[in-house]
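1. Dropping a prediction and its sequence here:
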Amino acid sequence: MNKKVTVFAKGLDWLSKGFVVVRKPITKPEDIKKELKKDTSVALIDSLRDRDPFVRSISAEVLGRMKERNAVTQLTGLLKDQSKFVREKAALSLGQIGDRRAVPALIESLTDESEEVRVTAAGVLGHLRDRLAVPALIKAMKDQGSITRIKAAISLGCIGDKEAVPALYDSLEDENEFVRKYAAEALGSIGRPAVPALLRALRNEKVRANVASALATIK
């Protein structure tokens, strides 16, 4: 019978709610020897299919640090994992690898049920700077979670597509002051195409200082 234990790891916030870890021991010596001789990347990629979500998460994290492009397909698949911790780690790792093949799947993750996953996906899409993500990030500016809206604004600024100007301008009226702040900064990052929107926003006392700072960055 498999034993189930709840694991708490000090210093790892993403584990703060615990993992149900299922251990399935390898009983045959020949199987152990075979496992130990595996190529590093192969072993990690194989572990992405492990029944234990803790193993899947750690394997995804290491593959990201290694920037292992051969794992992009498997990590993209983990964005649909049952565990939100695994989904979040997969998104982060795809960002570290930096392969734009992951963009369509990351766009889908902007509607994930977990805000942590949505926030991570939004941030990674900005890091990848692919204009394909702009319409989805614009939609994410209406997300119920303020942190997701903040990340979406930052990422739209990173991508710098003028199509985001109307949505970012609207977000200058957001109820959250940080969303307003980062929307103004994003407009500044977009640059000259955003000048008319920023000039109009100068009339809004709630964001006047942020808008003035954004205008000051435009050359």
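-> Structure's in. What do you need?
2. from here on, contacts and neighbour counts on C-alpha atoms
-> Will do.
3. check contacts around the residue nearest to residue 117 when sequence neighbours are not counted.
-> Once flanking residues are discounted, residue 117 sits nearest to residue 88: 5.0 Å by CA to CA, 6 or more residues apart in numbering. Contact partners of residue 88, counting by CA atoms under 8 Å, 6 or more residues apart in numbering, are 79, 116-117, 120-121.
4. Equivalent analysis for residue 48, please.
-> For residue 48, the contact set (CA under 8 Å, 6+ apart) comprises 55-57, 59-60, 74-75, 78.
5. how much space is there between it and residue 82?
-> Here the criterion is CA to CA, to the nearest Å. By it, residue 48 lies 13 Å from residue 82.
6. same check, this time on residue 187
-> 37 Å.
7. So between the two, which is more surrounded?
-> With neighbours defined as other CA atoms under 10 Å, residue 187 and residue 82 compare such that residue 187 has more, 32 against 10.
8. how about the strands in this structure?
-> 4-7, 19-22 (DSSP state E).
9. Where among those is average confidence lowest?
-> With a mean of 43, strand 4-7 has the lowest mean pLDDT of the strands of the chain.
10. Show me which pair in the contacts of residue 48 is furthest apart.
-> Comparing all pairs in those by CA to CA, the longest separation belongs to 55 and 74, at 14.2 Å.
11. So which of these two has more stuff around it?
-> residue 55 (18 against 15).
12. Pretty sure that one sits against residue 47.
-> Yes - Residue 55 is within contact range of residue 47, at 6.6 Å (criterion: CA atoms under 8 Å).
13. picking that back up, and which of the contacts of residue 88 is nearest residue 156?
-> For the contacts of residue 88, the nearest to residue 156 is residue 121 (12.8 Å; CA to CA).
14. quick one: that closest one from residue 213, how far?
-> According to CA to CA, residue 121 stands 28 Å off from residue 213.
15. the more surrounded of the two?
-> Between residue 121 and residue 213, counting by other CA under 10 Å, residue 121 is the more crowded of the two (33 against 14).
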